[in-house]
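Peer 1: Sequence below, structure please.
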Amino acid sequence: MSTTVAGILFIGSLALAVAVAYRPLGDYMYRVYSGTSHTRVERAVYRLIGARPENEQTWGAYARSVLAFSVAGILFLYAFQRVQQHLLLSLGMDPVKPDQAWNTAVSFVTNTNWQSYSGESTMGHLVQMAGLAVQNFVSAAVGMAVAIALVRGFARAKTEHLGNFWADLTRGAIRILLPIAFVGAVALIAGGLVQNFDGGTTASTLTGGTQTITGGPVASQEVIKELGTNGGGFYNANSSHPFENAASWTNWLEIFLILVIPFALPRTFGRMVGQNRQGYAIAAVMATIAVVSVTLTTTFQLMGDGTVPTAAGAAAEGVETRFGVANSATFAAATTLTSTGAVDSFHDSYTSLGGMMTMFNMMLGEVAPGGVGSGLYGMLILAIITVFVAGLMVGRTPEYLGKRIGAREIKFAALYFLVMPVLVLAGTAVAMATESGREGMLNSGPHGLSEVLYAFTSASNNNGSAFAGLTVNTVFYDTALGLCMALGRFIPIIFVLALAGSLARQARTPESAGTLPTHRPQFVGMVAGVTVVLVALTFLPALALGPLAEGIN
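Peer 2: Numbering: from 1, shown residues only. Alright, predicted model coming up:
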């Protein structure tokens, strides 16, 4: 079988599996978030934290709950790292230095999971399991809860209430994330991933030579990571390491886990608003952008310029030979189209245009299909902007799902969209203007700029992947990227919840002859077009100075 045919089958089977899971998983999540009953475990959690799930919250109360829970998580995780030398299963690790503890605490609580360190040489087992892995679950559950709150804003009318954050958080973690993680972990263990508490070391020969690694609870952490909730890995080589990704079929499974929940959430959205076709439209926008991205990324890698890539038939530098170029490019596109950040190849070694695609995927706002929860609410924001633009073109007040998009709503949507570009471009500018920022660059010229631009794009979008050439374990980058992660996560969430509250208070507007149909291919194309145009207008100058300039050279 040729490499091209194998790549097509790999991508095609992934698309088919995600499509098959769309309806049953989406319907299941609809029942989870729409139901009124609670399991015994959930009731025990409510008693422990003092929550009353039957008491619904306004958008302000919902937002305060999200922020309070997240701030408490950051403080706990920071302290956990600083005292790890006194904890059980510390493996003799020293306390994490203050700037790195801050960066890591913010990173995992914001669902970014950016790591400026090698997991096996910095964190003991207890900190990784009781600190980092717990945040892998609850930070993803927070994103899902916020998305559901926005959907309720569309589904409800003349009300101040959006549900109860503590109930949404608990049900999402216990009924959705934990069961999928359990099944996925068993499958990965069967495929050869390690699950133990061995404190010994094993020699492993990788692309970069021989590396000493420490055994640990890898399989469970790996499946959590691939659920779209963890950009880091137990080993520095991440999902190219055989202990984290043992074979081609586990590589396929990990990509599937990255995509399955974000792609199924539009079905949940359609069920909750009472129009399944609206869910299909949002999923179609996500799928269209994703297919184009995977195709372009793979093409740029298979058509790498230069003597060596031409002779090899593809740009294979930094690619794990067990998986090959096509499968690695698919993984790279999937991980940057979502908020996952796991990698099975080094994006820093990609061709200039291939590396640009990984950045461009994140610059889209990670909406195709995006992070767990954050992808759905990001895409719904873009749908609101699209209907507003369309309304201006025909001279009518725009409407979406029976709700008018007036000045208040579009302000929230516009502010949501502007947060990430401001953080990315301002952060990159500060880094390039200061000696502390430039010192971390391995390369000079356009590729060095690309390393810095990628880092701030990844942090501000809560992705977690990186161009490996940039040294980020410094006070400057730990502090600056930590701020970008925090602001890039929580400011947009506040605008999303404020928008949800504004929509929920409205009465439903009946459709008329002038209402834009938002379930047809025309609307799908419009949303995809608006998404790409907004990103192109915002980031094209920066891309022209980085990967595009590198490609010309």
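Peer 1: which residue sits closest to Trp166 in space, ignoring its chain neighbours?
Peer 2: Distance criterion C-beta to C-beta, 6 or more residues apart in numbering; nearest residue to Trp166, sequence neighbours excluded, is Ala51 at 3.7 Å. C-beta here means a position set from N, CA and C on the backbone, and glycine is covered the same way.
Peer 1: mind exporting the host helix or strand of Ser328 as PDB, just the C-alpha atoms?
Peer 2: Element membership of Ser328 [criterion: DSSP states H and E] is helix 324-337. What follows is helix 324-337, C-alpha atoms only, in PDB (Å, rounded to 0.1, in the frame of the first residue of the first chain):
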ATOM      1  CA  GLY A 324       5.000   8.700   8.900                       C
ATOM      2  CA  VAL A 325       4.400  12.200   7.500                       C
ATOM      3  CA  ALA A 326       0.700  12.000   6.600                       C
ATOM      4  CA  ASN A 327      -0.400  10.600  10.000                       C
ATOM      5  CA  SER A 328       1.800  13.100  11.900                       C
ATOM      6  CA  ALA A 329       0.500  16.000   9.900                       C
ATOM      7  CA  THR A 330      -3.100  14.900  10.700                       C
ATOM      8  CA  PHE A 331      -2.200  14.800  14.400                       C
ATOM      9  CA  ALA A 332      -0.600  18.300  14.100                       C
ATOM     10  CA  ALA A 333      -3.700  19.700  12.500                       C
ATOM     11  CA  ALA A 334      -6.100  18.100  14.900                       C
ATOM     12  CA  THR A 335      -4.100  19.200  18.000                       C
ATOM     13  CA  THR A 336      -3.900  22.800  16.900                       C
ATOM     14  CA  LEU A 337      -7.500  23.000  15.600                       C
END
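Peer 1: Summarise which helices and strands that helix is packed against.
Peer 2: helix 3-34, helix 248-273, helix 276-302, helix 352-363 (3 or more C-beta pairs under 8 Å, 6 or more residues apart in numbering; DSSP states H and E).
Peer 1: ok so, going back, if I look at the residue nearest to Trp166, what pLDDT would I see?
Peer 2: At Ala51, the model reports a pLDDT of 93.
Peer 1: Would you mark the buried spots in stretch 39-58?
Peer 2: Neighbour-count burial for stretch 39-58 flags Glu42, Val45, Tyr46, Ala51, Pro53, Glu56, Gln57, Thr58 (criterion: 16 or more other C-beta atoms under 10 Å).
Peer 1: Also stretch 158-177?
Peer 2: Judged by neighbour count using 16+ other C-beta under 10 Å, the buried positions of stretch 158-177 are 161-177.
Peer 1: That one spans what distance, first to last residue?
Peer 2: By C-alpha to C-alpha, to the nearest Å, the extent of stretch 158-177 from end to end equals 32 Å.
Peer 1: How far does that stretch sit from its chain's centre?
Peer 2: Distance of stretch 158-177 from the chain centroid (C-alpha atoms, centre = their mean, to the nearest Å) equals 20 Å.
Peer 1: Likewise for stretch 529-543?
Peer 2: 20 Å.
Peer 1: what's the answer for stretch 405-422, then?
Peer 2: In this view, stretch 405-422 has its centroid 20 Å away from the chain centroid, taken as C-alpha atoms, centre = their mean.
Peer 1: neighbouring contacts of it?
Peer 2: With C-beta atoms under 8 Å, 6 or more residues apart in numbering as the test, stretch 405-422 has contacts from 363, 365, 381-382, 384-385, 387-388, 391, 397-399, 403, 460-461, 487-488, 491-492, 495-496, 498-499, 502-503, 534, 538-539.
Peer 1: Just the ones of those in strands?
Peer 2: Per DSSP state E, strands hold the following members of these: Glu399, Lys403.
Peer 1: Of the contacts of stretch 405-422, which belong to helices?
Peer 2: Counted as lying in helices by DSSP state H, out of the contacts of stretch 405-422, are 363, 381-382, 384-385, 387-388, 391, 460, 487-488, 491-492, 495-496, 498-499, 502-503, 534, 538-539.
Peer 1: OK, contacts around the nearest residue to Ala247 once chain neighbours are set aside?
Peer 2: Spatial nearest neighbour of Ala247, chain neighbours left out: Gly191 (5.8 Å); criterion: C-beta to C-beta, 6+ apart. Residues in contact with Gly191, defined by C-beta under 8 Å, 6+ apart, are Ala246, Ala247, Trp249, Thr250, Leu253.
Peer 1: No more questions from me, cheers.
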